[in-house]
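**Student:** Make a model of this:
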Amino acid sequence: MTYPTPNNMTGLGGVFTYVNTLTGSWFITLMLIAAAIIIFSTAKRLGNRTSDSLLLSLFLTFVISTLCWAAQLIQGKMVIILMILMVLSGIYSMLES
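**Tutor:** Numbering: from 1, shown residues only. The predicted structure follows:
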């Protein structure tokens with residue numbers, strides 16, 4: 001299997017695009033999952049409730065994914081999935097309090 005040669009590596013966006021091409025569009029998706037886990041665990045460690053930590057991590061990941069979608073690094077369905085999860089987490093947070 002041959003990999004494409006990097007041709008536009010002038011900035012960080014070029015590097016992300018190239019690595020995303022090599023991994024079959026999994027690189028940015030896994031980075032978003034890692035960001036959500038890090039934000040959730042940090043918010044939980046600071047003493048927030050689980051539902052609030054989940055809502056915060058999903059909201060911030062949604063914002064980051066929207067920026068990645070605008071840069072054409074991920075597909076729109078990932079943003080929609082995160083939006084649905086964020087709304088469900090908001091409902092869960094309101095019902096828990």
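
**Student:** show me what contacts the residue positioned nearest the centre of the chain?
**Tutor:** Closest to where the C-alpha atoms of the chain average out (Cα atoms, centre = their mean) is residue 32, at 2.6 Å. Residue 32 makes contacts with 61, 64, 65, 68, 74, 78, 82, as judged by Cβ atoms under 8 Å, 6 or more residues apart in numbering. To be clear about C-beta, it is placed using only N, CA and C from the backbone, and glycine gets the same treatment.

**Student:** Where do the helices of the chain begin and end?
**Tutor:** 12-22, 27-45, 50-70, 76-96 (DSSP state H).

**Student:** who wins for neighbours among the contacts of residue 32?
**Tutor:** Ranked by the number of neighbours (other Cβ atoms under 10 Å), those place residue 65 first, at 26 neighbours.

**Student:** how about it, what does it touch?
**Tutor:** Applying Cβ under 8 Å, 6+ apart, we find residue 65 in contact with 32, 74, 78, 79, 82.

**Student:** The same query, at a cut-off of 6 Å, please.
**Tutor:** 32, 78, 79, 82 (Cβ atoms under 6 Å, 6 or more residues apart in numbering).

**Student:** Could you tell me the per-residue confidence at it?
**Tutor:** What the model reports as pLDDT for residue 65 is 96.

**Student:** Relative to residue 82, how far out is it?
**Tutor:** 5 Å (Cβ to Cβ, to the nearest Å).

**Student:** In the contacts of residue 65, find the pair that's most separated.
**Tutor:** For the contacts of residue 65, with distances taken as Cβ to Cβ, the pair at the greatest spread is 32 and 79 (9.9 Å).

**Student:** Quick one: end-to-end distance for stretch 20-35.
**Tutor:** In terms of Cα to Cα, to the nearest Å, the two terminal residues of stretch 20-35 are separated by 17 Å.

**Student:** and that stretch, which residues are buried?
**Tutor:** 20, 27, 28, 29, 31, 32 (16 or more other Cβ atoms under 10 Å).
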